[in-house]
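Peer 1: Coordinates for the following, if possible.
(2 chains)
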Amino acid sequence: GAGVSQSPSNKVTEKGKDVELRCDPISGHTALYWYRQSLGQGLEFLIYFQGNSAPDKSGLPSDRFSAERTGGSVSTLTIQRTQQEDSAVYLCASSLTGNSNQPQHFGDGTRLSIL
Amino acid sequence: AQSVTQPDIHITVSEGASLELRCNYSYGATPYLFWYVQSPGQGLQLLLKYFSGDTLVQGIKGFEAEFKRSQSSFNLRKPSVHWSDAAEYFCAVGAGGAAGNKLTFGGGTRVLVKP
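Peer 2: Next up is the predicted model:
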């Protein structure tokens, strides 16, 4: 498809386990963003990748969260030693460039539930 | 730091009636403003955006929004609501510049449409 693809769509795991969430951006988009949507905090920025530049990690809530983007395309968000407060929908977005006049296109998200 | 406030958590409107969703922002420079819509289980879809120029912007699905700098507002309107407009609506401001366009979202307004 032509849109942003995220997998899995749902993930249920036990507290303390590690999880990996995947985002496949729109082909040719150089900018990639991760956001988290939770009941208590709303929609929050997590991390931003632009081309080969160092990512902006300013939104990551703790050092248990990390993300990488291989080959300037697919990105993986990893949460180590998951906690119940990590339960949320994780949304990925991409845009043609990181310029402000470029709209972000969102995937349908991964719903993460920590038991 | 920028912030976005959507004062109305829920709005119920009759099909065919007009709709206005309020958004107030706080940002030190010229804002980049967006409205997104989210249907259940799906990601965010961009309705419209404002960067500069004409303060009344037209979007998809018959929506429009007006930027009022003096009131720090960017309210979304639709003259006649359809049942398919039932969804959650998010206003967002973009950081712009070297920070990329990471978005700060309001808390959202859930719209219910009565037949």
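Peer 1: tell me which residues form a beta bridge with the residue nearest to the spatial centre of chain A?
Peer 2: By CA atoms, centre = their mean, chain A has its centre lying nearest to residue A:34, at 3.2 Å. Beta bridges link residue A:34 to residue A:47, residue A:92, judged by DSSP bridges.
Peer 1: That one is in contact with residue A:91, isn't it?
Peer 2: Yes. The pair residue A:34 / residue A:91 is scored as a contact, 7.3 Å apart, by CB atoms under 8 Å. In this view, the C-beta of every residue, glycine as well, is placed from N, C-alpha and C.
Peer 1: Which elements pack onto the worst-scoring helix or strand of chain B on mean pLDDT?
Peer 2: The least trusted helix or strand in chain B, going by mean pLDDT, DSSP states H and E, turns out to be strand B:103-105, with a mean of 92. Secondary-structure packing of strand B:103-105 (3 or more CB pairs under 8 Å, 6 or more residues apart in numbering or on different chains; DSSP states H and E): strand A:42-50, strand B:3-5, strand B:87-94.
Peer 1: Quick one: those as CSV, columns for mean neighbour count and distance to residue B:65 too.
Peer 2: Formatted as CSV, those follow (neighbours: other CB atoms under 10 Å in any protein chain shown; distance: least, CB to CB, whole Å):
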stretch, mean neighbour count, distance to residue B:65
strand A:42-50, 21, 18
strand B:3-5, 17, 13
strand B:87-94, 24, 9
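Peer 1: Quick one, which of those strands gets closest to residue A:70.
Peer 2: Of all those, it is strand A:42-50 that lies closest to residue A:70, at 10.4 Å by CB to CB.
Peer 1: could you dump the closest one to CSV, C-alpha only?
Peer 2: Extracted in CSV, the C-alpha atoms of strand A:42-50 (Å, rounded to 0.1, in the frame of the first residue of the first chain):
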residue,chain,number,x,y,z
GLY,A,42,-3.1,12.3,25.2
LEU,A,43,-0.8,12.4,22.1
GLU,A,44,2.8,12.9,22.9
PHE,A,45,5.9,13.2,20.6
LEU,A,46,8.5,10.5,21.3
ILE,A,47,11.3,10.7,18.7
TYR,A,48,12.1,12.1,15.2
PHE,A,49,14.4,10.9,12.5
GLN,A,50,15.4,13.1,9.5
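Peer 1: After that strand, which helix or strand is next? Please name it.
Peer 2: strand A:65-69 (DSSP states H and E).
Peer 1: how about that following strand against chain B, any contact?
Peer 2: No. Strand A:65-69 stays clear of chain B (CB under 8 Å from any CB of the partner chain), getting no nearer than 13.3 Å.
Peer 1: that older thread, quick check: can you name the pairing partners of the least confident helix or strand of chain B and their directions?
Peer 2: Here strand B:103-105 has these sheet partners by DSSP bridges: strand B:87-94 (antiparallel).
Peer 1: And the average pLDDT for the partner strand is what?
Peer 2: On average, the pLDDT along strand B:87-94 is 94.
Peer 1: Which pLDDT value belongs to residue 8?
Peer 2: Unless you meant another one, I'm taking chain A. At residue A:8, the pLDDT value in this model is 97.
Peer 1: To clarify, I was referring to chain B.
Peer 2: Note on residue B:8: pLDDT of 96.
Peer 1: Need the pLDDT of the closest residue to it other than its chain neighbours.
Peer 2: If the residues on either side of it in the chain are set aside, residue B:8 comes closest to residue B:109, at 4.9 Å by CB to CB, 6 or more residues apart in numbering or on different chains. Looking at residue B:109, its pLDDT reads 97.
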